[in-house]
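> sequence and predicted structure below; questions after.
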Amino acid sequence: MTQVENTLLHDIEQNTLQDPSNAELIKTTALELQKQGFLAVCSRLAVHLCKRNVSLIKGRVLVQTSPSAAYNFQETLDHARIYCIKIMATGPGLNAAKVLQDEGISTLGTGVFSVAQAVACSQAGCLYISPYYNEIRVHMNPSLWPDVQDPSLEHPFSHRIAQMVQAYKTLFAATGKEQPLIKNAGFRSYKEVLASAELGCHSATISQDLLEEFKTLTPGEITRPATLKVASLKSPYAGNVPIPSLRLGGLLTRHLDEGRGWSAKDLAVDLLADGGKALEKALENDSEPARMVKEALDMFIFCEEETKKLIKGAALVASL
């Protein structure tokens, strides 16, 4: 279990920075660090918020780099060098992640919507990746949500996660190198959380609302496929690990005939070369993930700007 600090889950849902119980922390931090600028204040707040829960979790706390620097290698690197960091899975971002991993700083590649991004995260040495089961606009407009009975088979993003898992299994078999663990996010139902386990994800970022829903469910209400397997953390991509489950085999070839998805030959491409241009080209060739990445960044940057306003207001009040 890990704790994740990012703008989408907390600012949009108003679970953290706008919670009245945090008002004094924001004022104090904003006043103390106002001369050092927004990034220093926001980073300190993220650390304080993680610190509150560090005794309650078994894994790592994760703090995301500034989304406005997603395509700036040096700014991402400078910000990330002082944390265990979530980094947007762009070409420049993952090149920064590679430098950080070489320095011994663990990273998570976030905003992963394609197999190409997942492979680039592997090449960068990321410890985790974080796909979004439902893209950003679904959370802003619930009418777009694909509320299906069997998300493992029917959700439009399931085949991409299954293919990410298969790509990592192929890479592990070929190189023996440990591959990133998959921390899925962006759920709208408990069924999607269970589907992630069947698809081969190792952990999940679950909202407070969904956790409350889980608490109210009885064992009889939760329908799980008989073939459900949970990915192993000890040897997550070993050949004998049955993920994705056998009934999901058709997902591994879905849409490949349309020129999308992945093939084993793609795994040999250096996606980080020349600042990550090969990764950006791969995204251009698959328009859906490219759109999803842009919309995620647009939302993260919007939230970052709203956070700036909140911190500025708190600093002004605190200085009176």
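Structure's in. What do you need?

> show me what the biggest helix by length in the chain is packed against.
Counting residues, the longest helix in the chain under DSSP state H turns out to be helix 287-319. With contacts defined as 3 or more CB pairs under 8 Å, 6 or more residues apart in numbering; DSSP states H and E, helix 287-319 has these neighbours: helix 7, helix 23-33, helix 38-53, strand 85-88, strand 107-112, helix 115-124, helix 136-140, helix 273-284. To be clear about C-beta, it is placed using only N, CA and C from the backbone, and glycine gets the same treatment.

> could you identify which of these is most buried?
Each of the helices and strands packed on helix 287-319 was assessed for mean neighbour count using mean count of other CB atoms under 10 Å. The highest is strand 107-112, with a mean of 29.

> sheet partners, orientation included, of it?
Strand pairing for strand 107-112, using DSSP bridges, gives strand 85-88 (parallel), strand 128-131 (parallel).

> now do that strand against helix 287-319, angle only.
Angle, strand 107-112 to helix 287-319, by axes from the mean of the first three to the mean of the last three CA atoms, to 10 degrees: 120 degrees.

> quick one: mean pLDDT over strand 107-112.
Mean pLDDT, strand 107-112: 94.

> also stretch 245-258?
Summarised as a single mean, pLDDT over stretch 245-258 is 81.

> the helices in the stretch 51-200 of the chain, which residues?
Along the stretch 51-200 of the chain, counting by DSSP state H, counting those that start in this stretch, helices occupy 73-80, 91-102, 115-124, 136-140, 151-154, 158-175, 190-199.

> ok, and what's touching the fourth one?
So the one you mean is helix 136-140. Helix 136-140 has contacts (CB atoms under 8 Å, 6 or more residues apart in numbering) with 8, 12, 144-145, 186, 188, 292, 295-296, 299.

> kindly report the same for the fifth one.
Residues from elsewhere that reach helix 151-154 (CB under 8 Å, 6+ apart): 133, 146, 148, 158, 189, 191-192, 194-195, 198-199, 225, 245, 247-248, 251.

> quick one: which of those is most hemmed in?
Greatest neighbour count in the contacts of helix 151-154, by other CB atoms under 10 Å, goes to residue 199: 30 neighbours.

> distance-wise, check that residue relative to residue 178.
19 Å (CB to CB, to the nearest Å).

> residue 186 now?
Distance from residue 186 to residue 178, by CB to CB: 25 Å.

> ok, residue 170 touching residue 264?
Yes. Counting by CB atoms under 8 Å, residue 170 touches residue 264, with 5.9 Å between them.

> skipping its backbone neighbours, what lies nearest residue 156 in space?
residue 146 (5.7 Å; CB to CB, 6 or more residues apart in numbering).

> who's in contact with the one you found?
Counting by CB under 8 Å, 6+ apart, residue 146 has contacts 134, 154-156.

> where in the stretch 201-320 of the chain is pLDDT low?
Where the stretch 201-320 of the chain drops to pLDDT under 70, the residues are 224-230, 256-263, 314-320.

> let's see that with 50 instead.
Counting by pLDDT under 50, the stretch 201-320 of the chain shows low-confidence ranges at 320.

> do the stretch 1-150 of the chain as well
1, 5-14.

> identify the bridge partners of the residue nearest to the spatial centre of the chain.
By CA atoms, centre = their mean, the chain has its centre lying nearest to residue 130, at 2.6 Å. Beta-bridge pairing for residue 130 (DSSP bridges): residue 110.

> I'd say it and residue 183 touch.
Yes. Contact status for residue 130 versus residue 183: in contact at 4.9 Å, counting by CB under 8 Å.

> and the residue lying closest to residue 144 once chain neighbours are set aside, how far is that from residue 147?
Nearest residue to residue 144 in three dimensions, chain neighbours excluded: residue 138, at 4.9 Å (CB to CB, 6+ apart). Distance of residue 138 to residue 147, computed by CB to CB: 10 Å.

> same thing with residue 133?
Distance of residue 133 to residue 147, given as CB to CB: 13 Å.

> same check, this time on residue 291
Residue 291 is 21 Å from residue 147, by CB to CB.

> show me which of those two is the more surrounded one.
A direct count of neighbours by other CB under 10 Å for residue 291 and residue 147 places residue 291 higher, at 15 against 12.

> please report how far the more buried one lies from residue 303.
For residue 291, the distance to residue 303 - CB to CB - is 19 Å.

> for residue 125, same thing?
As judged by CB to CB, residue 125 and residue 303 stand 28 Å apart.

> and for residue 77?
22 Å.

> and for residue 274?
Taking CB to CB as the measure, residue 274 falls 31 Å from residue 303.

> same check, this time on residue 135
From residue 135 across to residue 303, the span is 16 Å (CB to CB).

> equivalent analysis for residue 128, please.
21 Å.
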